[in-house]
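**Student:** Sequence first, then the predicted structure:
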Amino acid sequence: MEKRVRTRFAPSPTLPLHMGGVRTALYSYLFAKKNSGDFILRIEDTDQNRFVQGAEQYIIDALNWCSIVPDEGIGKGGKFEPYRQSERKPIYRQYAEQLIESGHAYFAFDTAEELEQLRKNAETEKRTFSYDASVRSLLNNSLNLNPDETAKRIAEGKHYVIRLKVEAGEEISFTDLIRGKVVFKSDVIDDKVLLKSDGMPTYHLAHIVDDVLMEITHAIRGEEWLPSAPAHILIYKYLGWENKMPYYAHLPLLLKPDGNGKLSKRDGDRLGFPVFPLQWKDPSSGEISTGYREKGYYAEAFVNMLALLGWNPGTEQEVFSLDELTQLFSFEHIHKAGAKFNPEKTKWFNEQWLQRMNDVEIANRLSTQIANSRKDLTYFIKAVALLKPRVQFENEMLEKGKYLFEAPENYDEQVISKKWKPDLKPFFNSLVAAFASLNDFANSNIETTFKETTAANNLKPGEVLQLLRVFISGQGTVLIYFQCLNYWAEMKWLLD
C-alpha cells in the first residue's frame, strides 16, 4: 500500500522568515496538496541561544498571509504533538544513546576553547580543521578513554557532546528528487554533533527523528543542506531506518539580482526591495525591515512570483493562482541552478494580479481611506476601473489618482508660470461652459468638445492641454487625460 504523502516545513525561530524560506514552505505545500497529502508546520527551536522572541508567531502569520496553511503542526495540533522541538527534548536522547551502543556515535569532552585553538592552529598552517576520522583518535573523547573514565566524567557533570562516528573510505549515495543520484566520499564528512550536554539535539539528529516519528515522506529544503545530507543518510542507516527515510529534494538558491551570491537582507536594503513577506521589528535593536505586505503587494502576487523562482510548468504562462500552481507543480520542473531574483518582475506580477482583483472590493477599501469623502461607491468603482490599468499597486491609486477623489489644494506653479497667459481665460471659460452643456460624458464627446473649443479660439491643443490637467488635478502630469473628464459632472472641481 502506497504511503500517504506528508511534507513538512520546519523553520528555526531565530530570524524573520526569509522569502527563500517561504518558497520552501510553498513547494512543500504544493506537493502535498497535489498528492492529496498533509502539510505539517514544525518549529525547530533546539538552538535556544539563537531564539528570537516573536519569530515563531511571525512564521505563522507569514504563512497564513500567503495561504500556505498547514494541516497539522504549530497552531493546528495533530496526532504527533508536540510540534515544537524544545518540547520533544526527552525523545531524542534515546536515539543518541542507541547510536553510542551500536558503536556509531561517541562522547566528546573537548571544550569550546580547545576546539577554537585547534582551528587557529589549522589556519596558521593554511588548512581547515575538521573533527573527523583523521583527528578524533588524538582528541578528548570516549574513543580514546576507557569506559570507566568516560562514565566518571559524565557523572561529574563534565561538558560533553555526542558525535556521529563517520568511518573513512566509504561511499555514500542517495537519489535527490531534483538532482538525481548524488554521491559523496565519507572522508569529507565531519563527525556531526548530535546531542549537546544540555540534552538538546542538533538539527542533524532532531529532524531525522521527527521526520520518522511524524511519518514524513518527502523532505524539501534548501541547497545549503546538501553537504550535510550524507551524514543524515548515515544516521538513518545506523538507526535502522533506511526504509523510513523520506525522499529528499534540495532546492536551488535564491540569488541576488546580479546573480552573484545568495540573496540577503542587505541586498534588499541596498537596492530597495523587501526580502521578508511581512514587516519585522527586531526585538533587540528596534530596527524595522519592511515586508511585501506593507509595500502593497498582494499575497497572490508574492506567492506567484516565488513559485516561478526556480520552477516553471514548461509553458509560457506566468500568472497562476494557488490552485493552479497546485495542479501543475512537480519536482521534474525545478531547476538545479540558482534562481536570480528580479525586483522589477515582482512588481509586474503585482500589476497582473491587480487587474484580476474585483473592482468593488478595491473601491470599498479605497473609500474607507478618504476622510469625509462625498463620493458614493459607484463613483469609486468607476475610478478604480479607470486607474487599474495605469498603476502597479492598489495603494498607488489614491496617490497618483488623488484628483479623482479630492479637490486639489495646490497647483503646479511651474506649469502655470510657464504656460498661463491672461488671454487664455476666455478659452477656459468657454470650455467650462461647453463641458457643462454636455449630457453624455463619453470619451469621444469630451475629446471632440475640447478640440472644437480650442479651434474656435484659434488655439492648438498642445498650448492648453497641460494647463487643463493642472486645473483639474493640480498636477502637470497625470495618469489620465480626457478619460478623467468622464466624471466631470461628479468632480466639478473646475466648475466650482
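**Tutor:** Good, I have the coordinates.

**Student:** quick one, what contacts Y297?
**Tutor:** 346, 350, 393 (CB atoms under 8 Å, 6 or more residues apart in numbering). Backbone N, C-alpha and C define where each C-beta goes, glycine included.

**Student:** Report the buried members of those.
**Tutor:** Neighbour-count burial (16 or more other CB atoms under 10 Å) applied to those gives 346, 350, 393.

**Student:** Of those, which belong to helices?
**Tutor:** Judged by DSSP state H, the subset of the buried ones among the contacts of Y297 located in helices is 346, 350.

**Student:** I'd like the contacts of Y297 as a markdown table, with distance to I288 and pLDDT appended.
**Tutor:** Converted to a markdown table, these look like this (distance: CB to CB, whole Å; pLDDT from 0 to 100):
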| residue | distance to I288 | pLDDT |
| --- | --- | --- |
| T346 | 20 | 96 |
| N350 | 22 | 98 |
| F393 | 20 | 97 |
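
**Student:** Now distance to L26 too, for those residues, in CSV please.
**Tutor:** Listed next are those as CSV, based on distance: CB to CB, whole Å:
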residue, distance to L26
T346, 15
N350, 17
F393, 22
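
**Student:** Give me the below-cutoff pLDDT ranges for this protein.
**Tutor:** Residue ranges of the chain with pLDDT under 70: 1, 372, 374, 478-496.

**Student:** for it, what's the longest helix?
**Tutor:** Assignment by DSSP H gives helix 19-34 as the longest helix of the chain.

**Student:** I'd like to know which elements that one is packed against.
**Tutor:** strand 6-9, strand 38-41, helix 55-65, strand 218-222, strand 247-251, strand 254-255, helix 299-307, helix 322-328 (3 or more CB pairs under 8 Å, 6 or more residues apart in numbering; DSSP states H and E).

**Student:** buried stuff in the fourth one?
**Tutor:** Judged by neighbour count (16+ other CB under 10 Å), strand 218-222 contains these buried residues: 218-222.

**Student:** Am I right that Y95 sits in a strand?
**Tutor:** No. Using DSSP: H, G, I helix; E, B strand; the rest coil, the secondary structure at Y95 is helix, not a strand.

**Student:** My guess is T290 contacts K281. True?
**Tutor:** No. Contact criterion CB atoms under 8 Å: T290 and K281 do not qualify, at 10.5 Å.

**Student:** residues of stretch 331-343 that come out buried?
**Tutor:** 331, 334, 338-341.

**Student:** Output the residues you listed as CSV; include the columns distance to L177 and secondary structure.
**Tutor:** Output for those, formatted as CSV (distance: CB to CB, whole Å; DSSP: H, G, I helix; E, B strand; the rest coil):
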residue, distance to L177, secondary structure
F331, 4, helix
I334, 8, strand
G338, 17, coil
A339, 17, strand
K340, 22, strand
F341, 23, coil
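
**Student:** Of these, which is the nearest to W65?
**Tutor:** F341 (19.5 Å; CB to CB).

**Student:** who touches the closest one in this structure?
**Tutor:** Contacts of F341 (CB under 8 Å, 6+ apart): 254-257, 263, 309.

**Student:** Just give me the closest of the buried residues of stretch 331-343 to Y298.
**Tutor:** F341 (18.0 Å).

**Student:** how about the strands in this protein?
**Tutor:** In the chain, the strands defined using DSSP state E lie at 6-9, 38-41, 72-73, 105-108, 161-164, 171-176, 180-185, 193-195, 218-222, 247-251, 254-255, 280-281, 288-289, 339-340.

**Student:** Can you spell out which helices and strands pack onto the third one?
**Tutor:** In this case it means strand 72-73. Using 3+ CB pairs under 8 Å, 6+ apart, strand 72-73 sits against strand 38-41.

**Student:** just the first one next, same as before
**Tutor:** With contacts taken as 3+ CB pairs under 8 Å, 6+ apart, strand 6-9 sits against helix 19-34, strand 38-41, strand 218-222.

**Student:** if we can go back for a sec, tabulate the buried residues of stretch 331-343 (JSON lines), appending distance to D269.
**Tutor:** Formatted as JSON lines, those follow (distance: CB to CB, whole Å):
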{"residue": "F331", "distance to D269": "33"}
{"residue": "I334", "distance to D269": "29"}
{"residue": "G338", "distance to D269": "21"}
{"residue": "A339", "distance to D269": "21"}
{"residue": "K340", "distance to D269": "18"}
{"residue": "F341", "distance to D269": "14"}
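
**Student:** quick revisit: could you flag which of the contacts of F341 are buried?
**Tutor:** Buried by 16+ other CB under 10 Å: 254-256, 263, 309, out of those.

**Student:** Show me the two of the residues you listed that sit farthest apart.
**Tutor:** It's K256 and L309 that sit farthest apart of those, by CB to CB, at 12.5 Å.

**Student:** For the stretch 351-496 of the chain, which segments count as helices?
**Tutor:** Taking DSSP state H, counting those that start in this stretch as the test, the helices found in the stretch 351-496 of the chain are 359-367, 377-387, 396-400, 413-419, 425-436, 443-456, 461-473, 488-491.

**Student:** residues contacting the nearest residue to G222 once chain neighbours are set aside?
**Tutor:** Spatial nearest neighbour of G222, excluding adjacent residues (CB to CB, 6 or more residues apart in numbering): L251 at 5.5 Å. Contacts for L251 were tallied using CB under 8 Å, 6+ apart; they are 23-24, 27, 178, 220-223, 310, 334.

**Student:** Then V135?
**Tutor:** F129.

**Student:** Same question for the longest helix of the chain: list its buried residues.
**Tutor:** Here helix 19-34 shows 19-33 as buried, counting by 16+ other CB under 10 Å.

**Student:** now swap in stretch 95-105 and tell me
**Tutor:** Neighbour-count burial for stretch 95-105 flags 95-96, 99-100, 104-105 (criterion: 16+ other CB under 10 Å).

**Student:** now do stretch 351-365
**Tutor:** In stretch 351-365, counting by 16+ other CB under 10 Å, buried: 351-354, 362-363, 365.

**Student:** how about JSON lines for the strands of the chain, with distance to E114 added?
**Tutor:** JSON lines is the format used below for these (distance: least, CB to CB, whole Å):
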{"stretch": "strand 6-9", "distance to E114": "37"}
{"stretch": "strand 38-41", "distance to E114": "39"}
{"stretch": "strand 72-73", "distance to E114": "39"}
{"stretch": "strand 105-108", "distance to E114": "10"}
{"stretch": "strand 161-164", "distance to E114": "12"}
{"stretch": "strand 171-176", "distance to E114": "29"}
{"stretch": "strand 180-185", "distance to E114": "28"}
{"stretch": "strand 193-195", "distance to E114": "14"}
{"stretch": "strand 218-222", "distance to E114": "32"}
{"stretch": "strand 247-251", "distance to E114": "33"}
{"stretch": "strand 254-255", "distance to E114": "38"}
{"stretch": "strand 280-281", "distance to E114": "38"}
{"stretch": "strand 288-289", "distance to E114": "38"}
{"stretch": "strand 339-340", "distance to E114": "42"}
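
**Student:** hmm, back to that, E318: which of the buried residues of stretch 351-365 is nearest?
**Tutor:** Using CB to CB, the buried residues of stretch 351-365 come closest to E318 at Q352, 7.8 Å.
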